[in-house]
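K.L.:
Got a predicted model here, sequence first, then my questions.
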Amino acid sequence: MSKIAKSDLRYEYSWKATAGDNPHLIHNDARHLSRKEGYEMLDFLNHLGWASDNKTVVYNAGADMSEEFRLYVEWMLKEKFESTAPGRPKVVDWINDNWQSLKTSFKALKPKKA
């Protein structure tokens, strides 16, 4: 899969684990996705793939997803998703419900960080 690296992310994140979090046990550690913690966002984005219909986003499975689409999902989650403590399945459902309609308001990725 076309994985993205920390340096590819377009938003600022905390890279320190908060109390109760372990960045080495991301799947077991957090049922919820913290959109402020870089290690959680990076792991989440890199575990997205396409279902066999090539229109449905799946987590921890599926066909290759482009780096550009992963960064588009980052934008969606940082700019448009409003839940305060989203469970990962809820996030994937929200992505599937909104990725096509939000494309019209997505102009361009934020410039890469220097």
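P.N.:
Done, it's in.

K.L.:
C-alpha only now, for contacts and for neighbours.
P.N.:
Fine.

K.L.:
which residues touch the residue nearest to the spatial centre of the chain?
P.N.:
Among the residues of the chain, the one closest to the centroid is residue 45, at 3.6 Å (CA atoms, centre = their mean). Applying CA atoms under 8 Å, 6 or more residues apart in numbering to residue 45 gives the contacts 4, 70, 71, 73, 74.

K.L.:
Tell me which stretches of this protein form strands.
P.N.:
Assigned by DSSP state E, the strands in the chain fall at 48-50, 57-59.

K.L.:
Comparing the ones you listed, which comes out most buried?
P.N.:
Mean neighbours per residue, mean count of other CA atoms under 10 Å, is largest over these for strand 48-50, with a mean of 22.

K.L.:
So what touches it?
P.N.:
56, 57, 58, 59, 60, 61, 62, 63, 64, 65, 70.

K.L.:
from the residues you listed, which is closest to residue 104?
P.N.:
Taking CA to CA as the measure, residue 104 lies nearest residue 70 of the contacts of strand 48-50, at 16.7 Å.

K.L.:
Please read off the pLDDT at the closest residue to the closest one other than its chain neighbours from the model.
P.N.:
With CA to CA, 6 or more residues apart in numbering as the criterion, residue 70 has its nearest non-adjacent residue at 5.8 Å, and that residue is residue 45. Residue 45 carries a pLDDT value of 97.
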